[in-house]
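J.: sequence and predicted structure below; questions after.
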Amino acid sequence: MKALIIYFTSLGRTKKTAQAIGTAMTNYEVDYYPFILKGTFGMKVSIQTQHTKGDFSSIEQELSKLEKIEQNYDLIIFGMPTYGDNPPNAFYEILKRVDIKEQKVAIFTTCSITGKKTLELMEKTVKDAGAIIVSQARFKGLFRPKLRQAHKFGQHIN
Ligand SMILES: Cc1cc2nc3c(=O)[nH]c(=O)nc-3n(C[C@H](O)[C@H](O)[C@H](O)COP(=O)(O)O)c2cc1C
């Protein structure tokens with residue numbers, strides 16, 4: 001079986017979490033589709049501000065390649081951090097670029113404390129796009145990502 005993990009990260013925690021999930025999914029051939037913000041913290045904040053204004057030019061290259069990926073995955077996993085109790089704006093743009101109608105989907109968010117609302121918003125968005133949610137998780141880690149939990153989540157999906 002084939003799975004695709006599409007994730008967004010600014011500080012690197014969602015990347016580590018995505019990899020812990022993917023590594024545990026031994027029955028799947030796992031591809032990763034990362035959106036990684038690079039540069040100083042200030043640069044990352046400024047990119048996110050552009051995204052809030054609807055300007056996604058900083059990640060347009062990744063977005064346009066996403067539109068062209070073959071849609072033959074048994075499962076697509078979306079992994080998003082929680083910023084200000086929301087998924088990043090890029091999440092909604094990513095969803096516009098990938099067809100998930102009748103697609104099996106899992107979702108997760110990484111956060112420090114909250115993240116419940118993020119997961120609810122992600123759930124609503126993927127459901128509205130016609131996907132079937134098979135699993136979801138929130139990984140709360142104040143100081144470091146919850147990689148053991150993420151591994152268990154991957155085993156559960158497997
Ligand atoms: C600008 C900013 C806003 C954040 N807002 C929240 C929040 O509202 N709730 C929460 O629990 N964690 C919040 N966090 C913590 C992140 O959700 C957490 O560190 C996450 O794992 C970061 O993912 P990343 O390393 O992949 O970027 C915030 C972090 C940043 C940098």
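T.: Yep, that arrived.
J.: got the residues of this protein near the ligand?
T.: Residues of the chain lying close to the ligand by CB under 6 Å from any ligand atom are 9-14, 81-85, 110-115. From N, CA and C alone the C-beta is placed, and that goes for glycine too.
J.: from those, which land in helices?
T.: Among the residues of the chain next to the ligand, DSSP state H puts 13-14 in helices.
J.: and the residues of the chain next to the ligand, which are buried?
T.: Burial by neighbour count, 16 or more other CB atoms under 10 Å: within the residues of the chain next to the ligand this picks out 9-10, 13-14, 81-82, 110-111, 115.
J.: need those residues in JSON lines with pLDDT, can you?
T.: What follows is these, written out as JSON lines (pLDDT from 0 to 100):
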{"residue": "Thr9", "pLDDT": "98"}
{"residue": "Ser10", "pLDDT": "96"}
{"residue": "Arg13", "pLDDT": "97"}
{"residue": "Thr14", "pLDDT": "98"}
{"residue": "Pro81", "pLDDT": "98"}
{"residue": "Thr82", "pLDDT": "97"}
{"residue": "Thr110", "pLDDT": "98"}
{"residue": "Cys111", "pLDDT": "97"}
{"residue": "Gly115", "pLDDT": "92"}
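J.: so what's Val105 closest to, chain neighbours aside?
T.: Ala131 (4.1 Å; CB to CB, 6 or more residues apart in numbering).
J.: my read is that that neighbour contacts Ile100, right?
T.: Yes - between Ala131 and Ile100 a contact is recorded at 4.2 Å, counting by CB atoms under 8 Å.
J.: okay, and the common contacts of the two?
T.: Ile76 (CB atoms under 8 Å, 6 or more residues apart in numbering).
J.: where's the most centrally placed residue in the chain, which helix or strand?
T.: The residue lying closest to the centre of the chain (CA atoms, centre = their mean) is Gly79, at 2.2 Å. Using DSSP states H and E, Gly79 maps to strand 75-81.
J.: give the pairing partners of that strand; include direction for each.
T.: strand 2-9 (parallel), strand 104-111 (parallel) (DSSP bridges).
J.: adding distance to Leu66, write these out as JSON lines.
T.: Formatted as JSON lines, the strands paired with strand 75-81 follow (distance: least, CB to CB, whole Å):
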{"stretch": "strand 2-9", "distance to Leu66": "7"}
{"stretch": "strand 104-111", "distance to Leu66": "15"}
